[in-house]
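Structure for the following, please:
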Amino acid sequence: MNFKKSFYTKISTAFLVLVLALGISFAYLGVSSSLMFVDETGQKVNKMLAEDMASHFQPYLMDSIEGDSIISVIKYLNGINPEIDIYLLSSEGTIKWFYPSKDPNAELQISMVNTEPLDEFLDGKMLPIYGDDPLNSDKKKPFSVAPISIMGSKGCYLYVILSGQQFDEAAGMLQNSYILRNTFIGLSLILAVTLVLGLIVFRLLTGRLRHVSETVKSFEQGQLEKRVQVSSNDEVGLLGTSFNQMADTLVENMNEIKKIDTLRRELVANVSHDLRSPLASIQGYLETILQKEPNIKPAERSKYYEIVLRNTRKLGTLIEELFELSKFDAQDVQPEMERVSMAELAQDLVQQFKPLAEKKGIDLKAVLSDEPINLVYADIALMERAISNLIDNALKHTPKGGTVSINSTNENENVSFTISDTGNGIKEENIQRIFDRFYQEDPSRTVGNGVGLGLSIAQKILELHGSKLSVDSSSDKGTSFTFVLSANLNY
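The predicted structure is shown next:
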């Protein structure tokens with residue numbers, strides 16, 4: 001197995017990527033949350049800072065902005081919070097004057113501050129709220145703000161950036177502190193342990209999949225007895241169970257195919273024999289007639305013609321049976337159901353086969369009960385064909401002096417039909433095979449016995465009628481074939 005293409009490698013790689021992404025996300029959220037917590041805490045603690053400072057600055061903003069005096073006040077107040085940058089803004093946000101906390105020579109990067117966050121702060125919105133940092137246009141920082149008048153102009157702002165340049169340095173120290181360092185170490189250990197345990201669990205889970213894969217491969221290579229050992233009811237267990245059922249079905253189908261192939265060979269052998277014998281007879285007698293012409297006697301010619309005709313009829317019957325069976329196999333026969341009296345059909349067939357039975361010295365009779373026989377739904381032509389095959393089969397296997405009887409009786413609303421003979425019976429080991437097409441109990445195949453299609457055709461016809469042909473046979477009682485027909489159309 002190619003390790004790079006294995007399912008374990010793919011799922012482990014995906015898990016590793018997910019764990020790393022989770023770790024990076026937690027680290028980012030941890031740092032962001034820490035800095036946001038610092039901002040929120042500083043903003044809440046210094047929320048009133050700008051308002052307190054405004055009361056000190058207001059006297060120096062009456063006629064002009066007295067920067068030196070304001071700086072003096074700032075230096076006096078610097079002990080309150082040294083990490084601040086101070087701005088005086090107009091009502092539109094224009095910077096009138098500023099004082100940086102670290103570098104007095106710092107230059108402004110923007111000259112106007114967005115006043116919308118300032119108004120949100122004054123309206124008491126949830127903290128933290130971030131505003132523009134005029135010394136760093138790329139950053140937003142927490143602040144404190146208070147309304148103030150500048151040279152008689154109302155609605156101006158005293159804008160105090162809490163995270164000044166000194167605060168940035170303090171935040172940088174926070175990022176490099178032992179708290180975050182230990183947090184990252186702990187998080188890394190947790191992710192490493194999770195990764196190792198995850199890989200072990202995946203290894204165990206994919207091991208069961210490998211077992212399924214190896215079993216399937218062995219089955220593919222011809223080890224048809226291989227099955228998956230199922231030890232759970234989860235998805236992998238269901239997969240193994242499904243494969244085992246599929247494998248059993250395939251083995252059964254293969255055995256059935258082998259059986260059909262054996263029957264096919266028997267068909268070829270049997271049909272070849274039955275075709276060859278009458279054809280050889282026909283050819284021989286026709287050649288004899290040609291050789292003896294014109295000196296052949298009329299009586300002798302008639303005898304030869306009768307033999308040729310008999311063999312021709314035998315060939316026709318064989319071809320007709322093969323064609324008929326092929327139509328049943330292709331499900332190309334649809335019965336035309338109608339109400340039928342099986343008692344009358346039995347009597348008609350007895351009269352039809354009576355001459356043949358008398359010729360063989362066999363007593364053929366219909367045994368009917370005293371009570372009226374129920375009418376059943378059947379295709380009368382197909383049913384006549386099926387019963388004719390059963391009667392013909394019985395006459396073939398009943399010796400001279402024997403009896404073949406047809407019995408029709410009511411079975412509740414249905415009708416039971418039985419064809420019995422007093423022949424030699426069927427060997428117990430052969431009973432299960434007599435309905436197999438082309439099967440003959442006597443492999444010696446005496447001339448005139450056919451190719452064993454009669455019972456197969458009868459069984460197919462009865463299946464179309466929702467019935468099944470059963471057999472009961474013993475060496476001392478002969479053989480009986482029985483089937484039941486329904487008096488209802490929906491069988």
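
What's the separation between L464 and L455?
Note on L464: its distance to L455, by CB to CB, to the nearest Å, is 15 Å. Every residue, glycine included, has its C-beta placed from N, CA and C.

likewise G30?
85 Å.

quick one, which of the two is more surrounded?
Legend: neighbour count by other CB atoms under 10 Å for G30 and L455, higher for L455 (20 against 15).

The more buried one and G155: what is the separation?
Distance of L455 to G155, computed by CB to CB: 112 Å.

Burial check on A146, number of neighbours?
22.

Spell out the secondary structure type for it.
strand (DSSP: H, G, I helix; E, B strand; the rest coil).

what is it paired to in the beta sheet?
Note on A146: beta-bridge partners L158, judged by DSSP bridges.

wait, doesn't V367 sit right on V404?
No. Applying CB atoms under 8 Å, one finds V367 not in contact with V404, separated by 10.8 Å.

Please say which of those two ends up with more neighbours.
Neighbour count, other CB under 10 Å: between V367 and V404, V404 has more, with 25 against 12.

Help me confirm that the more buried one is found in a strand?
Yes. V404: assigned to a strand according to three-state DSSP.

Show me the strands in this structure, by range?
85-89, 95-99, 130-133, 136-150, 153-161, 338-341, 363-368, 375-378, 403-411, 414-421, 470-474, 478-485 (DSSP state E).

Could you check the angle the fourth one makes with strand 85-89?
Taking axes from the mean of the first three to the mean of the last three CA atoms, to 10 degrees, one finds strand 136-150 and strand 85-89 inclined to each other by 60 degrees.

Quick one: mean pLDDT for strand 136-150?
Taken as a whole, strand 136-150 has an average pLDDT of 90.

what does the last one give?
In this model, strand 478-485 carries a mean pLDDT of 90.

Identify all contacting residues around it.
342, 376-378, 383, 390, 393-394, 397-398, 402, 411, 414-426, 458, 462, 465, 467-473 (CB atoms under 8 Å, 6 or more residues apart in numbering).

Also stretch 358-376?
With CB under 8 Å, 6+ apart, stretch 358-376 has contacts from 339-343, 346-347, 350, 353-354, 357, 391, 395, 398, 400-410, 413-415, 485-487.

if we can go back for a sec, list only buried entries from the contacts of strand 478-485.
When those are checked for burial by 16 or more other CB atoms under 10 Å, the buried set is 342, 376-378, 383, 390, 393-394, 397-398, 402, 414-415, 417-426, 458, 462, 465, 467, 469, 473.

Skip the chain neighbours and tell me the closest residue to S231.
Spatial nearest neighbour of S231, excluding adjacent residues (CB to CB, 6 or more residues apart in numbering): G237 at 6.8 Å.

okay, now that neighbour: neighbour count?
Neighbour count for G237, taken as other CB under 10 Å: 16.

That one and F243 touch, don't they?
No. With contact defined as CB under 8 Å, G237 does not reach F243; the gap is 10.8 Å.

average pLDDT across the longest helix belonging to the chain?
Looking across the chain with DSSP state H, the single longest helix is helix 235-292. Mean pLDDT, computed over helix 235-292, is 80.

Which strands or helices does that helix pack on?
helix 178-220, helix 298-329 (3 or more CB pairs under 8 Å, 6 or more residues apart in numbering; DSSP states H and E).

Could you measure from V201 over to G237?
Distance from V201 to G237, by CB to CB: 17 Å.

L77 too?
Relative to G237, L77 is positioned 75 Å away (CB to CB).

one step back: in CSV: the helices and strands packed on helix 235-292, plus mean pLDDT.
Conversion of the helices and strands packed on helix 235-292 to CSV gives the following (pLDDT from 0 to 100):
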stretch, mean pLDDT
helix 178-220, 76
helix 298-329, 79
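
A146 and L189, how far apart?
48 Å.

try K47
Applying CB to CB to K47 and L189 gives a distance of 39 Å.

What of F483?
F483 sits 80 Å away from L189, going by CB to CB.

Neighbour count for those two, which is higher?
F483 (22 against 10).

what number of residues lie near N136?
Residues within reach of N136, counting by other CB under 10 Å, total 17.

Could I get the contacting residues of V350?
364-366, 406.

what's the answer for I461, then?
Here I461 is in contact with 328, 382-383, 385-386 (CB under 8 Å, 6+ apart).

would you list those in JSON lines and tack on distance to I296?
Compiled in JSON lines, the contacts of I461 are given as follows (distance: CB to CB, whole Å):
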{"residue": "F328", "distance to I296": "45"}
{"residue": "L382", "distance to I296": "45"}
{"residue": "M383", "distance to I296": "46"}
{"residue": "R385", "distance to I296": "40"}
{"residue": "A386", "distance to I296": "44"}
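
Identify, from these, the entry nearest to L61.
Taking CB to CB as the measure, L61 lies nearest F328 of the contacts of I461, at 112.4 Å.

Endpoints of stretch 461-480, how far apart?
Criterion CA to CA, to the nearest Å; first-to-last residue distance in stretch 461-480 is 18 Å.

again, but for stretch 105-114
End residues of stretch 105-114 are separated by 23 Å (CA to CA).

pLDDT on that stretch, on average?
The model assigns stretch 105-114 a mean pLDDT of 89.

which other residues reach that stretch?
87, 89, 92-95, 98, 100, 131-132, 134-137, 159, 165.

Tell me which residues of it come out buried.
Those would be 106, 113, for stretch 105-114 by 16+ other CB under 10 Å.

ok so, going back, got a markdown table for the helices and strands packed on helix 235-292, with distance to T249 too?
Shown next, in a markdown table, are the helices and strands packed on helix 235-292 (distance: least, CB to CB, whole Å):
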| stretch | distance to T249 |
| --- | --- |
| helix 178-220 | 12 |
| helix 298-329 | 22 |
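
L275 is nearest to which of those helices?
Nearest of those (CB to CB): helix 298-329, 6.8 Å.

helices or strands up against that closest one?
Under the contact criterion of 3+ CB pairs under 8 Å, 6+ apart, helix 298-329 touches helix 235-292, helix 454-464.

any chance of these in CSV, plus distance to Y304?
As requested, the helices and strands packed on helix 298-329 are exported to CSV (distance: least, CB to CB, whole Å):
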stretch, distance to Y304
helix 235-292, 5
helix 454-464, 29
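
closest one to S218 among the ones you listed?
Nearest of those to S218, taken as CB to CB: helix 235-292 at 10.5 Å.

Just the angle for that closest one relative to helix 178-220, thanks.
Going by the same axes, to 10 degrees, helix 235-292 makes 20 degrees with helix 178-220.

Centre of the chain to helix 235-292, how far?
35 Å (CA atoms, centre = their mean, to the nearest Å).

how does this protein divide up, domain by domain?
Here the domain parsing of the chain from automatic domain parsing is 46-176, 235-329, 338-485.

So which of those domains is nearest L20?
domain 46-176 (20.9 Å).

Run through the stretch 351-491 of the chain and note the low-pLDDT ranges.
Low-confidence segments of the stretch 351-491 of the chain, defined by pLDDT under 70: 432-433, 435-452, 489-491.

Residue most distant from the centroid, the protein?
D63 (86.0 Å; CA atoms, centre = their mean).

ok now do that one, which residues does it touch?
With contact set as CB under 8 Å, 6+ apart, D63 has these partners: M151.

same check, this time on K354
K354 touches L364, counting by CB under 8 Å, 6+ apart.
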